[in-house]
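Engineer: Any chance you can model this:
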Amino acid sequence: MIPPILQKLLPVLSFVIASAALGFQVTVLYPWHHQLEKDFSGLSNQQKTKLHEYHEVRMQNIKNIEMYLSKLNLEQYENEVDSREGKM
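Structural biologist: Numbering: from 1, shown residues only. Here you go, the predicted model:
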């Protein structure tokens, strides 16, 4: 069985530990939470910017490829027309 003095001190000890934990949460964790939220918001904005830049570069690459392919197709068509005219 638990000694009577410990039975009386146990609730007080529990209250002290809970109060210290609450004090730590209010003074350290709560302000840190706001700092983390601010940092994550900045990181999210940075990620959106980088993703937008990436998509712009990809679209420019696609446009360059399409332009090159159309130029190749035009040259190939002109070569076919020239060769047909040469046979006639």
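
Engineer: list the helices and strands whichever strand or helix holds residue 47 packs on?
Structural biologist: Residue 47 belongs to helix 30-87 when elements are defined using DSSP states H and E. Counting contacts by 3 or more Cβ pairs under 8 Å, 6 or more residues apart in numbering; DSSP states H and E, helix 30-87 packs against no other helix or strand. From N, CA and C alone the C-beta is placed, and that goes for glycine too.

Engineer: how far away is the residue most central in space within the chain from residue 29?
Structural biologist: The residue lying closest to the centre of the chain (Cα atoms, centre = their mean) is residue 47, at 4.8 Å. Separation of residue 47 from residue 29 (Cβ to Cβ, to the nearest Å): 26 Å.

Engineer: What of residue 53?
Structural biologist: Distance, residue 53 to residue 29, using Cβ to Cβ: 36 Å.

Engineer: if we can go back for a sec, now the helix holding residue 47: mean pLDDT?
Structural biologist: Mean pLDDT, computed over helix 30-87, is 91.

Engineer: Quick one: residues in contact with stretch 7-20.
Structural biologist: Residues from elsewhere that reach stretch 7-20 (Cβ atoms under 8 Å, 6 or more residues apart in numbering): residue 2.

Engineer: Return the set of buried residues in it.
Structural biologist: Residues of stretch 7-20 include none that count as buried (16 or more other Cβ atoms under 10 Å).
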